[in-house]
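*Asks:* quick one, what's the 3D model for this:
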Amino acid sequence: MEGVEVNEFWQGRRVFLTGQTGFKGSWLSLWLEKLGAEIAAIALEPETSPSLYSRLSPWDKQRHHIADIRDAVTFKQHLIDFRPEIVIHMAAQALVRRSYANPTETFATNVLGTANVLDAVRDAPSVRTVLVITSDKVYANNGSGIPFIESDTLGGKDPYSNSKACTELVVQSYRDSFFRERDINIATVRAGNVIGGGDWSKDRLIPDFIRAFESNQPIQLRYPQAIRPWQHVLEPLGGYLAFAEALTLSDENELPEALNFGPDPQSFATVAELAEALGLAHGVNDVWKQAPGMHLPEAPALTLSSDLALSAIGWRPRLTLQQTIDWTAAWYKANREGADMRAFSLGQIVAYEEAIS
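*Replies:* Predicted structure coming up:
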């Protein structure tokens with residue numbers, strides 16, 4: 001990356017990661033292992049079968065703990081025992097529709113869980129850097145489609161979005177109340193709609209498409225004309241790594257307290273447009289139809305500006321929307337054909353590193 005590269009900085013760094021069994025967490029765990037980091041990780045069991053975490057095994061180069069970040073005592077013990085320098089907090093209840101079905105679970109995990117993580121850091125003298133992953137949905141969205149910048153008002157109508165906005169406030173409180181005096185650099189990162197190989201979650205476009213494709217059925221779309229900032233999962237993860245490195249090497253509070261990591265504006269597309277592009281990549285037409293009935297509300301347009309990430313740490317997206325679709329389709333094709341998905345995924349990481357070098 002221009003300005004800050006993903007490089008030998010991570011060799012031997014002690015990194016405590018939450019949420020490593022999730023989609024983004026699994027990709028980040030694999031990348032950190034490749035970079036030579038020493039990793040301890042805590043998460044719930046994978047929620048899907050199959051799961052990316054199982055596809056990328058074995059995980060014999062990290063300390064893996066199955067536990068809930070809502071269990072403050074257990075979490076703190078694992079963190080203190082490992083003595084990390086960097087904490088990357090990714091664990092979350094990340095599904096909008098699930099947040100409508102169980103809002104208290106969403107707030108407990110995303111808000112109280114984050115407070116538990118940060119409270120444990122207070123008692124961990126080894127920690128220098130904390131990176132908290134929130135969401136592009138933290139902004140108060142009036143549907144205008146104007147790309148959000150980091151200083152825009154936080155909000156969120158649905159429980160998931162609101163819980164992530166609350167998470168941002170929790171981070172601000174711990175920064176001002178405890179971490180400034182300890183010289184711990186803490187920041188949040190906000191990414192768009194990430195896609196890529198290995199996602200089998202419910203109510204997400206790519207896994208829903210893959211399930212429909214494998215059943216020889218069209219995917220049903222709730223809001224086909226909704227605009228989203230689609231990007232390959234490695235794009236924001238590369239930004240997270242670069243930002244965590246910059247924060248760790250910073251002697252003063254000279255970096256932003258939050259950064260957006262979104263795609264090139266040319267990668268903004270409607271849900272229907274992405275579904276149709278996926279269909280072309282898989283050699284099928286008529287890939288979607290309108291889902292019948294009433295649907296829970298979702299923002300009609302959501303886009304991000306990543307200008308601050310470029311000026312602050314030299315990060316910019318490198319993959320086009322077509323490349324993102326091609327890489328995603330290739331991953332699922334390889335998986336269907338029985339390939340070694342750990343090796344295949346490492347190959348995509350290497351290709352991405354070459355794109356940003």
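*Asks:* P229 touches D264, doesn't it?
*Replies:* No - with contact defined as CB atoms under 8 Å, P229 does not reach D264; the gap is 9.3 Å. All C-beta atoms are positioned from the backbone trio N, CA, C, and that covers glycine.
*Asks:* compare these two (neighbour count), which wins?
*Replies:* Applying other CB atoms under 10 Å to P229 and D264 shows that P229 carries more neighbours, namely 27 against 16.
*Asks:* retrieve the pLDDT associated with M1.
*Replies:* Reported pLDDT at M1 in the predicted model: 39.
*Asks:* with P218 instead?
*Replies:* 93.
*Asks:* and what of S250?
*Replies:* 88.
*Asks:* for it, which non-adjacent residue is spatially closest?
*Replies:* N185 (6.0 Å; CB to CB, 6 or more residues apart in numbering).
*Asks:* who's that neighbour bridged to?
*Replies:* Counting by DSSP bridges, N185 is bridged to T129.
*Asks:* in contact with it, which residues?
*Replies:* For N185, the contact set (CB atoms under 8 Å, 6 or more residues apart in numbering) comprises R128, T129, V130, F179, L247, T248, S250, N253, L255.
*Asks:* how far away is it from V130?
*Replies:* Here N185 is placed at a distance of 7 Å from V130 (CB to CB, to the nearest Å).
*Asks:* what sits in contact with each of these two?
*Replies:* F179.
*Asks:* residues touching C166, list them.
*Replies:* F107, N110, V111.
*Asks:* swap in Q231?
*Replies:* Q231 touches A191, G192, N193, V194, I195, F261, G262, P263, S267, P317, L319, T324, counting by CB under 8 Å, 6+ apart.
*Asks:* kindly report the same for D81.
*Replies:* So D81 contacts nothing (CB under 8 Å, 6+ apart).
*Asks:* swap in L234?
*Replies:* W27, W31, G196, L319, Q348, I349, Y352.
*Asks:* in strands only, show me those residues.
*Replies:* Among the contacts of L234, no residue falls in strands (DSSP state E).
*Asks:* neighbour-wise, give me the winner out of the residues you listed.
*Replies:* Counting by other CB under 10 Å, top hit in the contacts of L234: W27 with 27 neighbours.
*Asks:* break down the stretch 51-200 of the chain into its strands, ranges please.
*Replies:* 62-66, 86-89, 129-133, 185-191, 193-195 (DSSP state E, counting those that start in this stretch).
*Asks:* low-confidence stretches in the stretch 101-250 of the chain?
*Replies:* Filtered on pLDDT under 70, the stretch 101-250 of the chain yields no residues whatsoever.
*Asks:* and with 90 instead?
*Replies:* Counting by pLDDT under 90, the stretch 101-250 of the chain contains low-confidence residues at 141-146, 156, 192-193, 202-204, 222-223, 225-229, 250.
*Asks:* what of the stretch 251-357 of the chain?
*Replies:* 251-254, 264-269, 284-286, 291-303, 356-357.
*Asks:* now the strands for it?
*Replies:* 258-261, 268-270, 288-290.
*Asks:* can I get the ones you listed in a markdown table with distance to A115 and mean neighbour count?
*Replies:* Formatted as a markdown table, the strands of the stretch 251-357 of the chain follow (distance: least, CB to CB, whole Å; neighbours: other CB atoms under 10 Å):
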| stretch | distance to A115 | mean neighbour count |
| --- | --- | --- |
| strand 258-261 | 18 | 25 |
| strand 268-270 | 34 | 20 |
| strand 288-290 | 40 | 15 |
